[in-house]
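Novice: Give me coordinates for this.
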Amino acid sequence: MLALRLARGTHPLVQLRRLLVAAASAGTGFLLLSALGYAMAHPDASTGSVLRLLWCLAPVAASVHLAVAVARTDPGTRPRPGLAAVGLGPGRLMAVSAVTTALSTTLGSMLALLVFLHLRGDLTGMPFDGSATDFLAADQPLPLPAALTLLLLVPLAASLASAVALRPRSVGRGRAGRPRATVVGAPGTSGDSAPVTAGSAPDADHPELPPDPQPLAPPLPAPAGLPWGTAVIAAGLAVESYASRSGAAPGSDLTSRFAGSPAGVLGGWALTAVGLALAGPAITHLCGWLLQAVRPGALRLLAGRGLQGEARRIGRPLGVVCAVASGAYAVATVYAGARPSIGPLSTLGALLVAGCAVATLFTAALETKQVRADTTAALLRLGAPASVLRSAALLRAGVLLAVFGPLTWLVAELAAMPLAR
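Specialist: Residues are numbered from 1 along each chain as shown. As a prediction, the model looks like this:
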């Protein structure tokens, strides 16, 4: 009930982000139900049914990633003074966020079920003259337990991932055994920031010690995911190259070149995406370091330090967008001059993955803006021109585009080379 009341009374932009999560969950649920319908309509093609279900893992992962990003920017998950006194501590806020995410994704799953039943003709008769019966199995009764199991996959995964991302983190003890504040995995206190000491009053257990003067937090270490990310990317490209040696004859269908080992191609692309997501924070941090190299001025120093501080928040979404863009470029390169027949389900899946990746990146950018709000206000109070802050933001965006653009092209070319043989 509390989650429903908080969801109803939030800002319209917050509601829009939750509607995006519901739409992503609806599209993913429809793809899962379509895979179930294909398996029912083709009981002898068990391999094809399993492969269709495997291809649905990419939309599932994209939807869960978007749901976690939206949960991190939800203002209802931020700790506020006095909430702990009424029983809304960090753990309860985490539970409220997980329930809110479950409500949004469940709404989308129910919408997917209604659309699927409508297309099957179970509600108001068969629409579109029965042209969609191939993957709907309209002539067979729908197994409700199997359909509900598939529809609950996204809500359960999204709520569990949101709870893990927003779980309270204890940052240890400070000087002379003094306990430090609990860090909540919410925007501004996501565990990516440095530990903050609790209070400035003298400790009752150590009355002889003076109060802490709230020292500045030490800088965070650089992300260390670049070697692992590079290794995973190389492994993914190797798997794609090995899977492309199946010798399948090229044709006009989108999956004809992958007919020999489509699971290998999917696994290779998934490894490449994971590698780019692992390397993204380190590459973003390196971009911030490059901005500050060779006697930086105030603008470059501000942009570089800001980019280094945002590396962990926007690095992974940038890596995922890079993976999606490289996959799209590789497909366009392989089928240059041809006319691949892309069905409606393939189009829906591609749009869903790309849309979720871009929406997650914009949501992560919004989170960094929320975290940076106090720093921006302090700079404005000190007299910094607003044009300087805008120029620093444009400089950060330009450097990221200049680095991740060629990286996307390189990964796409390496992925397309074995497939274009």
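Novice: Show the pLDDT at the nearest residue to Ala323 once chain neighbours are set aside.
Specialist: Closest residue to Ala323 apart from its sequence neighbours, by Cβ to Cβ, 6 or more residues apart in numbering: Ala273 at 3.7 Å. (C-beta placed from N, C-alpha, C; glycine too.) If you check Ala273, the pLDDT there is 90.
Novice: Which of the helices or strands spans Ala273?
Specialist: Here Ala273, judged by DSSP states H and E, is contained in helix 262-291.
Novice: helices or strands up against that helix?
Specialist: helix 46-55, helix 57-72, helix 226-243, helix 298-309, helix 311-334, helix 386-419 (3 or more Cβ pairs under 8 Å, 6 or more residues apart in numbering; DSSP states H and E).
Novice: Next, the angle from it to helix 57-72.
Specialist: Between helix 262-291 and helix 57-72, the angle comes out at 40 degrees (axes from the mean of the first three to the mean of the last three Cα atoms, to 10 degrees).
Novice: Please identify the most buried of the helices and strands packed on helix 262-291.
Specialist: Stretch with highest mean neighbour count among the helices and strands packed on helix 262-291: helix 57-72 (a mean of 25; mean count of other Cβ atoms under 10 Å).
Novice: starting at the chain centroid, how far to the following helix or strand past it?
Specialist: Where DSSP H and E defines the elements, the next helix or strand beyond helix 57-72 is helix 90-120. Centre-to-centre, helix 90-120 and its host chain are 17 Å apart (Cα atoms, centre = their mean, to the nearest Å).
Novice: Which other helices and strands does helix 90-120 contact?
Specialist: helix 2-8, helix 12-41, helix 57-72, helix 144-151, helix 153-165.
Novice: do that again at 10 Å, thanks
Specialist: With contacts taken as 3 or more Cβ pairs under 10 Å, 6 or more residues apart in numbering; DSSP states H and E, helix 90-120 sits against helix 2-8, helix 12-41, helix 57-72, helix 144-151, helix 153-165, strand 182-183.
Novice: In the longest one, which residues are buried?
Specialist: Judged by neighbour count using 16 or more other Cβ atoms under 10 Å, the buried positions of helix 12-41 are 14, 17-18, 20-41.
Novice: ok, back up a step: next, format the helices and strands packed on helix 262-291 as TSV and append distance to Pro168 and mean pLDDT.
Specialist: Shown next, in TSV, are those (distance: least, Cβ to Cβ, whole Å; pLDDT from 0 to 100):
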stretch	distance to Pro168	mean pLDDT
helix 46-55	36	83
helix 57-72	14	92
helix 226-243	27	88
helix 298-309	22	88
helix 311-334	18	87
helix 386-419	31	89
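Novice: Please determine how far the residue nearest to Ala323 is located from Gln292.
Specialist: As judged by Cβ to Cβ, to the nearest Å, Ala273 and Gln292 stand 30 Å apart.
Novice: Confirm Leu123 sits in a helix?
Specialist: No: secondary structure of Leu123 (DSSP: H, G, I helix; E, B strand; the rest coil): coil, not part of a helix.
Novice: check contacts around the residue nearest to it when sequence neighbours are not counted.
Specialist: Counting by Cβ to Cβ, 6+ apart, Leu123 lies nearest to Leu117, which is 5.3 Å off, once chain neighbours are set aside. Applying Cβ atoms under 10 Å, 6 or more residues apart in numbering, one finds that Leu117 lies in contact with Leu33, Leu123, Thr124, Leu136, Leu142, Ala147.
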